[in-house]
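Q: sequence-free structure coming up:
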């Protein structure tokens with residue numbers, strides 16, 4: 001696990017976002033273990049509740065699939081924080097994840113206007129909206145650091161090369177030919193010409 005200092009402000013937001021997604025994954029697994037009462041409490045679609053009451057495996061399979069999706073989203077948050085190797089399409093993935101959370105969360109406003117949903121539904125929408133904002137805020141602050149071309153000297157993508165890690169050997173070697181005569185005194189000019197002539201032998 002990388003030191004906290006390498007994460008930056010955006011990384012400090014992305015790893016909690018990943019943990020929240022992981023918590024939602026665990027919650028969905030618990031729903032499968034609990035069964036129909038959990039589907040009712042968390043306002044699952046009526047069709048899934050009916051299938052669960054009949055003992056169908058479909059609700060469990062759907063819920064486990066959603067849990068796996070949350071696990072993947074958690075991994076993207078942790079990867080964006082620099083705590084694990086870079087995942088493919090990292091910036092795009094984080095943007096899509098944050099947008100999906102927010103699209104789910106904005107249901108809070110029509111729910112507040114309708115005043116027909118139970119309070120827990122408002123909480124679920126508010127939590128989704130908050131997680132999406134954390135993802136997008138972390139992505140915005142880490143945008144340049146998460147560029148695919150940014151890497152450290154060890155070749156780990158996504159971590160920018162720190163100034164303290166710079167060394168003259170990182171610079172490309174410059175040729176000594178041609179040499180402008182006005183740039184040197186007589187002795188330096190003589191040594192430079194001798195060195196350049198030897199390269200031509």
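A: Yep, that arrived. Bear in mind the structure is a predicted one, so any value in this text is a computation, not a measurement.
Q: and residue 24, what helix or strand is that in?
A: Per DSSP states H and E: residue 24 is located in helix 8-34.
Q: helices or strands up against that helix?
A: For helix 8-34, the elements it packs on are helix 36-41, helix 58-80, helix 119-141, judged by 3 or more Cβ pairs under 8 Å, 6 or more residues apart in numbering; DSSP states H and E. C-beta coordinates here come from the backbone N, C-alpha and C atoms, glycine included.
Q: Any chance you could list what contacts the shortest one?
A: For helix 36-41, the external contacting residues (Cβ atoms under 8 Å, 6 or more residues apart in numbering) are 30, 31, 48, 49, 52, 53, 59, 120.
Q: ok, back up a step: in JSON lines, list the helices and strands packed on helix 8-34 along with mean pLDDT.
A: Formatted as JSON lines, those follow (pLDDT from 0 to 100):
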{"stretch": "helix 36-41", "mean pLDDT": "95"}
{"stretch": "helix 58-80", "mean pLDDT": "96"}
{"stretch": "helix 119-141", "mean pLDDT": "94"}
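Q: TSV for those helices, including mean neighbour count?
A: Output for the helices and strands packed on helix 8-34, formatted as TSV (neighbours: other Cβ atoms under 10 Å):
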stretch	mean neighbour count
helix 36-41	16
helix 58-80	19
helix 119-141	18
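Q: which one of those helices lies closest to residue 24?
A: helix 58-80 (4.6 Å; Cβ to Cβ).
Q: what angle do that closest one and helix 8-34 make?
A: If you take axes from the mean of the first three to the mean of the last three Cα atoms, to 10 degrees, helix 58-80 sits at 160 degrees to helix 8-34.
Q: immediately after helix 58-80, which helix or strand?
A: The C-terminal neighbour of helix 58-80 among helices and strands, as given by DSSP H and E, is helix 90-105.
Q: where in the chain is pLDDT low?
A: 1-11, 148-201 (pLDDT under 70).
Q: How is it divided into domains?
A: Here the domain parsing of the chain from automatic domain parsing is 4-141, 175-201.
Q: Kindly reformat those as JSON lines and extend each row with distance to residue 147.
A: Listed next are the domains of the chain as JSON lines, based on distance: least, Cβ to Cβ, whole Å:
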{"stretch": "domain 4-141", "distance to residue 147": "8"}
{"stretch": "domain 175-201", "distance to residue 147": "31"}
